[in-house]
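[1] Kindly return the folded structure for what I paste below:
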Amino acid sequence: MPGKYSKKFLEKLLRDMLLIRRFEEKAAQMYGLRKIGGFLHLYIGQEAVATGSIAALDLQKDYVLTGYRDHAHALVCGMDPKVAMAELYGKLTGCSKGKGGSMHFYDAEKHMLGGNGIVGSQIPVATGVGLKIRYRREDGVVLCYFGDGAIHQGSFHESLNLAKIWKLPVIYICENNQYGMGTDFRRVSAVEDFSVMATGYGIPGKQVDGMDVLEVYESISRAVAKARKEPSPFFFEVKTYRYKGHSMSDPAKYRTKEELEAHKKQDPILILKGYMEEKGFTDEAGFKKIDDEVRKEVIEAVDFSENSPEPEEEALYEDVYA
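    All right, here's what the predicted structure looks like:
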């Protein structure tokens, strides 16, 4: 584990990861009870990626864009779990007024510019945000997340090329959770180390252990500092693993129980907990206290959502541009 960190900083990382985990477990439960409809793509197992990378940002001036597996990024950006859960419920009090659901979390004030339901489409949008920063001579940086299933999209390659030419402060993060829907990424990729793809555009590329929140934080922090000092893009392949299926309708029969159990031994929450115990920053009681607080917060989010109003029929015609 790199560096020295304060107890307060580590507790914030731990709390954020636990909030993501408990929020998603509760969302899965509510989906099973048919309280939540539509699509639901869970992030369980990948918590260290969003948590570690967004911890490197100043969200007064930096931006986050991601794909449809977006609950974690929104929560780490500071979205109220009540508002997030209400969006899953399709309620008026949700972050997108109940119209977006799981794939379209959005909070402009917190600079979380959305999940996106179309594979890879957030990549050129994030590149455009980077152009806005350069054009207005701002001091911001953009984090753009996408999965291994999106990396072979033309939009990825076109965006990296433009970002290099225009020297845009965009950090492209491929969250390689090993499977594009149900397909092992090695079956559909000409290269297994995605970080080499950056070389074709003269962009620094690096592979990072996405199960270690501190390694993610260190790597992204360095890139953010460089992009601020001298605007330029970076590319990271963050190796992670999702413990659940692609979405709630996916039984994940394309992998063995042994594979799943092996990866669960590298649970990012347990890795950070172990590190904090080593440093004397927490123990079982301290961990349980944070976990209990988070569980209570998630139950309150469900209660809030249950009691929130449905959108009125007239809302069908609001926010429609054509």
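[2] switch to C-alpha atoms for all contacts and neighbour counts from now on
    Noted.
[3] secondary structure class for the closest residue to Phe304 other than its chain neighbours?
    Nearest residue to Phe304, sequence neighbours excluded (Cα to Cα, 6 or more residues apart in numbering): Lys82, at 6.2 Å. Counting by DSSP: H, G, I helix; E, B strand; the rest coil, the backbone at Lys82 sits in helix.
[4] Lys82 is in contact with Glu300, isn't it?
    Yes - Lys82 is in contact with Glu300 according to Cα atoms under 8 Å; the separation is 7.2 Å.
[5] between these two, which one's more packed in?
    The residue with more neighbours, out of Lys82 and Glu300, is Lys82; 21 against 15, by other Cα atoms under 10 Å.
[6] That one and Met103: what is the separation?
    Plainly put, Lys82 is 16 Å away from Met103 if you go by Cα to Cα, to the nearest Å.
[7] Same question for Val298.
    Counting by Cα to Cα, the gap between Val298 and Met103 amounts to 19 Å.
[8] Can you say which helix or strand has Gln207 in it?
    Of the helices and strands defined by DSSP states H and E, Gln207 is found in strand 205-209.
[9] And the helix or strand just after that strand, what does it pack against?
    Along the chain past strand 205-209, the next helix or strand (assigned with DSSP H and E) turns out to be helix 213-229. With contacts defined as 3 or more Cα pairs under 8 Å, 6 or more residues apart in numbering; DSSP states H and E, the secondary structure elements packing on helix 213-229 are helix 47-54, strand 170-176, strand 205-209.
[10] Please find the angle between the direction vectors of the first one and helix 213-229.
    Orientation check (axes from the mean of the first three to the mean of the last three Cα atoms, to 10 degrees): helix 47-54 against helix 213-229 gives 30 degrees.
[11] Show residues contacting helix 47-54.
    Contacting residues not belonging to helix 47-54 are listed as 13, 16-17, 20-21, 72-73, 76-77, 175, 210-217, 220-221, 238, 240, 268-269 [Cα atoms under 8 Å, 6 or more residues apart in numbering].
[12] Show me how far that helix is from its chain's centre.
    On the basis of Cα atoms, centre = their mean, to the nearest Å, helix 47-54 sits 7 Å off its chain's mean C-alpha point.
[13] Buried residues, that helix. List them.
    For helix 47-54, the neighbour count (16 or more other Cα atoms under 10 Å) marks 47-54 as buried.
[14] What average pLDDT does it get?
    Rounded to a whole number, the mean pLDDT of helix 47-54 is 98.
[15] Please apply the same query to the last one.
    Averaged across strand 205-209, pLDDT comes to 97.
[16] okay, the angle between it and strand 170-176?
    Going by the same axes, to 10 degrees, strand 205-209 makes 50 degrees with strand 170-176.
[17] residues in contact with stretch 304-322?
    Counting by Cα under 8 Å, 6+ apart, the neighbours of stretch 304-322 from elsewhere in the structure are 82-83, 85-86, 89-93, 97-98.
[18] In those, which residue is surrounded by the most others?
    When neighbours are taken as other Cα under 10 Å, the top entry among those is Met85 (32 neighbours).
[19] Thanks again, I'm all set now.
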